[in-house]
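Undergrad: quick one: sequence plus predicted model below, questions after.
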Amino acid sequence: MRCKLMFCATASVMLAAPVSAQEVPQQSPPAYNCDFEPACEVSPGIYGNMASPVTSKFKLSIGGFVKLDYVYNSVNLGSANGIGLVATLQPNGIPKTSSVAAQQDQSLFSARQSRIWFKAEGPTFLGARTGALIETDFFGSGGSSNETATMRIRLAYGTLDWANTQILFGQSWDLFGPAAASTVDFGQGQTAGNPTTPRVPQLRVTQKVKLSEQNSLKLIAALQNPVQDSNTANGTAGESWGAKPNIAGQAMLVSKALGVAPGFWGLPMNQLTVGLFGLYGNQEIAGNGGTVDSWGYGLYAFVPVLRSADGKSRAMTASFEGQAYRAANMSFNYATVSPLIGPQGDKTGAKGYGLFGQMIFYPTQNLGITAGYGMRGAENFASYTRSGIKDFQKSNSQAFANIAYDLNAAVRVATEYQYVSTRYGNVTAGTSDFGKANVFRFSMIYFF
């Protein structure tokens, strides 16, 4: 009898367990987590909407992507901190043709460019929607291998959104240089005319001004972290500090006249946008006779060349994006080659310029083709020589082309070719004045 009772009790528990472990049935499948950028059936977009939130204090969405890169470099770009994976993020330039590195090629695999984000939607405040975003990846400095990759903050900000006004506080993109090369390469042309980083802590206000049913102005102003200041407080020559934040802004005309076409990676669908951007800051330098300014200004344009048929589809769409800028003492975001030039006690900001343009074409909904060119140049070469700066970078350039295909809403495969080069001035005796690299890349991305 005792055995029968134990058997019945055990059987009851075993039968009940699957029922208690079942998920709560849903009346209908949840909407796929995407923002129609360009369409749910194609790609989930960079940051999804709140259609399928998870449980939190407020609504919360989780997303990101897994990215595998295989890269072949015709020269050795190094491996520390994954620098060999980013041909257009080489602060010291492409190795000279006379160097040992130029005689060595390399193959690299990596998943360090994978990322994850958390997006929250909170309660309203004085009629404004509130929200927050935190994004991280594994490309932080200090990681000695793929297995010891270091996480870092990419974005971390909160927003208050009214109908025509937004306040953003936290870490986001620098307002200077809005164009990013749509490369599979994680560097996105930063040293070749696309100074898109660093992402900086800031307080930003965006205001939309309606001009007509077709046109509006988008005005953005921000106080940003003065990245040019070292603030080391060690009393050494060349140390820099400052009491003022950087001031940055954009003034863009946005128009519906040409419809929309794909932007970066084919994910957003953008309208005609033309305007100005700029940044100003300054710094004190130990032993210098005066304050040194950081400044930059430029022109930006995004043009839908072939518009989307319905505002969502990418089939038979094309766009052009470009920018040109001039800057001084802005090596902190790669807008200029060097921060300072001149003798001790009379340092001034090194000046430079950048040019960039790219075309994105989608012959079908899933197939994207992108090609572009960008370059960054230094001004007044003689000033570098007088300052005793050896092997300074006269110019850096990138020509690239890539093809991406979306297998479904989650999986993308892409391949890319880049020709990246650096021209040097005041070169060390016995060395060349030129470096070049041919880079071939194959990537697979899983958006979630």
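TA: Structure's in. What do you need?
Undergrad: from here on, contacts and neighbour counts on C-alpha atoms
TA: OK.
Undergrad: isn't residue 329 up against residue 294?
TA: Yes. Contact criterion CA atoms under 8 Å: residue 329 and residue 294 qualify, at 4.9 Å.
Undergrad: which one's more surrounded, the two?
TA: Remark: of residue 329 and residue 294, residue 329 carries more neighbours, 28 against 24, as counted by other CA atoms under 10 Å.
Undergrad: against residue 279, how distant is the more buried one?
TA: Per CA to CA, to the nearest Å, residue 329 is found 11 Å from residue 279.
Undergrad: overlap in contacts, the two.
TA: Here residue 329 and residue 279 share the contacting residues 294-295, scored by CA atoms under 8 Å, 6 or more residues apart in numbering.
Undergrad: OK, contacts around the residue nearest the centre of the chain?
TA: Nearest residue to the geometric centre of the chain (CA atoms, centre = their mean): residue 196, 6.1 Å. With contact set as CA under 8 Å, 6+ apart, residue 196 has these partners: 173-174, 176-180, 188, 190, 333.
Undergrad: how about the secondary structure of it?
TA: Secondary structure assignment for residue 196 (DSSP: H, G, I helix; E, B strand; the rest coil): coil.
Undergrad: can you tell me how far it is from residue 334?
TA: Between residue 196 and residue 334 the computed distance is 8 Å (CA to CA).
Undergrad: which neighbours do those two share?
TA: Listed as contacting both residue 196 and residue 334 by CA under 8 Å, 6+ apart are residue 190.
Undergrad: ok, residue 300 to residue 358 distance?
TA: Distance, residue 300 to residue 358, by CA to CA: 12 Å.
Undergrad: err, residue 317, not the other one
TA: Going from residue 317 to residue 358 by CA to CA gives 14 Å.
Undergrad: pull up the overlap in contacts between residue 329 and residue 294.
TA: Residues touching both residue 329 and residue 294 by CA under 8 Å, 6+ apart: residue 349.
Undergrad: could you tell me which residues touch both of residue 300 and residue 358?
TA: The contact sets of residue 300 and residue 358 overlap at 321-322 (CA under 8 Å, 6+ apart).
Undergrad: save the contacts of residue 196 as CSV, and put in neighbour count and secondary structure too.
TA: Output for the contacts of residue 196, formatted as CSV (neighbours: other CA atoms under 10 Å; DSSP: H, G, I helix; E, B strand; the rest coil):
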residue, neighbour count, secondary structure
173, 17, coil
174, 22, coil
176, 25, coil
177, 29, coil
178, 19, coil
179, 24, coil
180, 24, coil
188, 23, coil
190, 28, coil
333, 21, helix
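Undergrad: now do the helices in this structure.
TA: In the chain, the helices defined using DSSP state H lie at 2-21, 381-386.
Undergrad: hey, least reliable of these by pLDDT?
TA: When the helices of the chain are compared on average pLDDT, helix 2-21 comes out lowest at a mean of 39.
Undergrad: residue 351 against residue 329, yeah?
TA: Yes. Counting by CA under 8 Å, residue 351 sits close enough to residue 329 to count as a contact (6.6 Å).
Undergrad: mind listing the shared neighbours of the two?
TA: When contacts are counted by CA under 8 Å, 6+ apart, residue 351 and residue 329 are jointly contacted by residue 336.
Undergrad: show me the contacts for the residue lying closest to residue 233 once chain neighbours are set aside.
TA: Spatial nearest neighbour of residue 233, chain neighbours left out: residue 239 (7.4 Å); criterion: CA to CA, 6 or more residues apart in numbering. Neighbouring residues of residue 239 by CA under 8 Å, 6+ apart: 230-233, 285-286.
Undergrad: and those, which are buried?
TA: Using 16 or more other CA atoms under 10 Å as the burial test, the contacts of residue 239 include 285-286 as buried.
Undergrad: list just the nearest of the contacts of residue 239 to residue 341.
TA: Comparing those against residue 341 with CA to CA places residue 285 closest, at 12.4 Å.
Undergrad: and the closest one, how far from residue 229?
TA: 9 Å.
Undergrad: before we move on, what's the pLDDT of the nearest residue to residue 412 once chain neighbours are set aside?
TA: Leaving aside its chain neighbours, residue 412 sits nearest to residue 406 (4.3 Å; criterion: CA to CA, 6+ apart). The model reports residue 406 with a pLDDT of 94.
Undergrad: does residue 406 touch residue 443 like I think?
TA: No. Checked against CA under 8 Å, the pair residue 406 and residue 443 is beyond contact range at 11.9 Å.
Undergrad: joint contacts of these two?
TA: By CA under 8 Å, 6+ apart, residue 406 and residue 443 have these common neighbours: residue 413.
Undergrad: all strands for the stretch 301-448 of the chain, in order.
TA: 317-328, 340-341, 348-349, 351-362, 367-378, 392-406, 411-425, 434-447 (DSSP state E, counting those that start in this stretch).
Undergrad: partner strands of the first one, parallel or antiparallel?
TA: Partners of strand 317-328 in the sheet, by DSSP bridges, are strand 292-306 (antiparallel), strand 351-362 (antiparallel).
Undergrad: reformat those as CSV; add mean pLDDT and distance to residue 91.
TA: As requested, those are arranged in CSV below (pLDDT from 0 to 100; distance: least, CA to CA, whole Å):
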stretch, mean pLDDT, distance to residue 91
strand 292-306, 97, 19
strand 351-362, 98, 15
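Undergrad: return the most buried member of those.
TA: Highest mean neighbour count among those (mean count of other CA atoms under 10 Å): strand 351-362, with a mean of 24.
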